[in-house]
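Asks: prediction below, plus the sequence it came from.
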Amino acid sequence: FISCGSRQINKKSKLVFSSWHPILSKENIDTSIKQHFEIRRDEEGSENQFLAILTCTGTVYWNNEKLTEGQQRILQDGDLISIKSIRKQLKFIDMRQEVAQIAGLNLFLGRFLGKGGSGEVRVGFDVRTLQKFAVKTVNWNEDVIFESDFSQARSFALGEVELMRLVSHQNVLRLLNFIETPDKLNLVLELMEFDLFDAVEKNPQRKFSEVEAKFAAYQVAQGLQHIHKKAIAHMDLKVSTENLHEIPTFTLKFQPNNIFVTHLDGEVCYKIGDFGLSKIDVNLTQKMSTLICASPELIDPDVEIFSGRLHDCWSFGVLIYFLLSGRLPFDPDDDFIRVYISYGQYYPILDVSVSAVNFINSLLVVDPNCRLRSDQILSHAWFDDEEAFAARVSKFYGEISGTKSNEKQEKFEVARRRSVRLMSMR
């Protein structure tokens, strides 16, 4: 959509005109609106809880439903109103969802999506295009990881930007834009539908079938392999728990925000996001991760230098265990969790194939040098034992990066370039 003007309904709501016709003026549109419908506020509601009521004074299409004179509907954010006589479609935007405009960008922030140790994430939309994004805001003065250390918090946040600009893969969340102000950093990211934990929770069994877990694992492994080829260690691949855990030098509230899910042309697409703890993997010494996905080498105080990429492979094993069983291999509420992680002791999953068990066992290996590496994961037998799975993967990635029309990859690139252009990336 191209937003070309608005008509204020009240303090909190407005109509945004879309798909502007060059022959029609804003005054023509307003006249046609008055002839077909009006929007009023339900006066019985409070300042932030009132209802927006659509009342038809002529023929109107509300979300493709034909309404005639006298009919009413309660409007919600995103509702579409069409007037056939002027061939226009209008979109209702509920301004109560917006809390702030980002300085330097033509974006408004909307509903809250989640919060981690280094910032919070909200929905944002470009007021000119109505395109929605995810906006991660890191406030230097409220950083949980580094608390009062302003310079270190800023360095880490800007490091996340630099690392995300190095990667470009269909299974890695895209950074579209960013802007720094004296007290915060805003990262504009592609908006996903939900995170992986929510996807598992929506399943009646509270876990994935082996087929679906394998498809998710394959995509995450693709993204992880790409990241590792750039010498980047993610350091925080995880699922969900809301308890507070500690690594010897680090404390962070664990949130399910790092593997995201959306749908692409009818197929499920998984992406790795949140590079807040990521680093270039060269002689790492700073042990920063959440406990539940921490590898034995991060637990062991005698290990001073470790491989962040091999640590990621352990965390990936924890993730796959969760998808297949609906539980974590190491209980975060167990007082002996560090001991169990150090010795690699966990209950095996009984209702999956032998190759799935072997796959997890090859990742949750205490000795990092004997652990399956990211460049070996996709060659494991677990991914080769079903023709139907191979065909599904081939179709999914073939349509994205194959030699035919490459339509899906073009969609990614066009959306990214349009977003960067519209928001004038510095």
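Replies: That came through, no problem.
Asks: number of residues surrounding the residue lying closest to Ser355 once chain neighbours are set aside?
Replies: Excluding the flanking residues, the one nearest Ser355 by CB to CB, 6 or more residues apart in numbering is Trp382, at 4.3 Å. Bear in mind the C-beta positions are built from the backbone N, C-alpha and C, glycine included. Trp382 has 25 neighbours, counted by other CB atoms under 10 Å.
Asks: need the contact list for Trp382.
Replies: 214, 353, 355-356, 358-359 (CB atoms under 8 Å, 6 or more residues apart in numbering).
Asks: in the residues you listed, which residue is surrounded by the most others?
Replies: In the contacts of Trp382, the most neighbours by other CB under 10 Å go to Lys214, 26 neighbours.
Asks: secondary structure element for that one?
Replies: If you go by DSSP states H and E, Lys214 is part of helix 210-229.
Asks: so what does that helix touch, helix or strand wise?
Replies: With contacts taken as 3 or more CB pairs under 8 Å, 6 or more residues apart in numbering; DSSP states H and E, helix 210-229 sits against strand 267-272, helix 308-325, helix 354-363, helix 374-377, helix 387-401.
Asks: out of those, deepest packed?
Replies: helix 308-325 (a mean of 25; mean count of other CB atoms under 10 Å).
Asks: quick check: what element follows the strand or helix carrying Arg154 along the chain?
Replies: For Arg154, the enclosing helix or strand under DSSP H and E is helix 150-164. Counting by DSSP H and E, the next helix or strand C-terminal to helix 150-164 is strand 175-180.
Asks: residues in contact with the next helix or strand after that next one?
Replies: Heading C-terminal from strand 175-180, the first helix or strand you meet, by DSSP H and E, is strand 184-189. Outside strand 184-189, the residues that touch it by CB under 8 Å, 6+ apart are 102, 105, 107, 119, 124, 133-140, 154, 157-158, 160-161, 164, 173-180, 273, 419, 423.
Asks: buried ones in the helix or strand where Phe133 lies, by neighbour count?
Replies: Assessed by DSSP H and E, Phe133 sits inside strand 132-139. Neighbour-count burial for strand 132-139 flags 133-138 (criterion: 16 or more other CB atoms under 10 Å).
Asks: can you redo those residues as TSV with pLDDT and distance to Glu210?
Replies: Shown next, in TSV, are the buried residues of strand 132-139 (pLDDT from 0 to 100; distance: CB to CB, whole Å):
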residue	pLDDT	distance to Glu210
Phe133	90	34
Ala134	91	30
Val135	91	36
Lys136	90	33
Thr137	88	39
Val138	85	38
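Asks: now Phe322, nearest residue through space, not along the chain?
Replies: Phe322's closest residue in space is Val239 (CB to CB, 6+ apart), at 4.6 Å.
Asks: correction: the previous question concerned Ser362.
Replies: Nearest residue to Ser362, sequence neighbours excluded (CB to CB, 6+ apart): Leu372, at 4.3 Å.
Asks: and the pLDDT at the one you found?
Replies: At Leu372, the model reports a pLDDT of 96.
Asks: hang on, it packs against His380?
Replies: Yes: between Leu372 and His380 there is a contact under CB atoms under 8 Å: 6.9 Å.
Asks: overlap of the contact sets of the two?
Replies: The contact sets of Leu372 and His380 overlap at 359, 362 (CB under 8 Å, 6+ apart).
Asks: looking at the two, which has the bigger crowd around it?
Replies: More crowded of Leu372 and His380, by other CB under 10 Å: Leu372, with 21 against 18.
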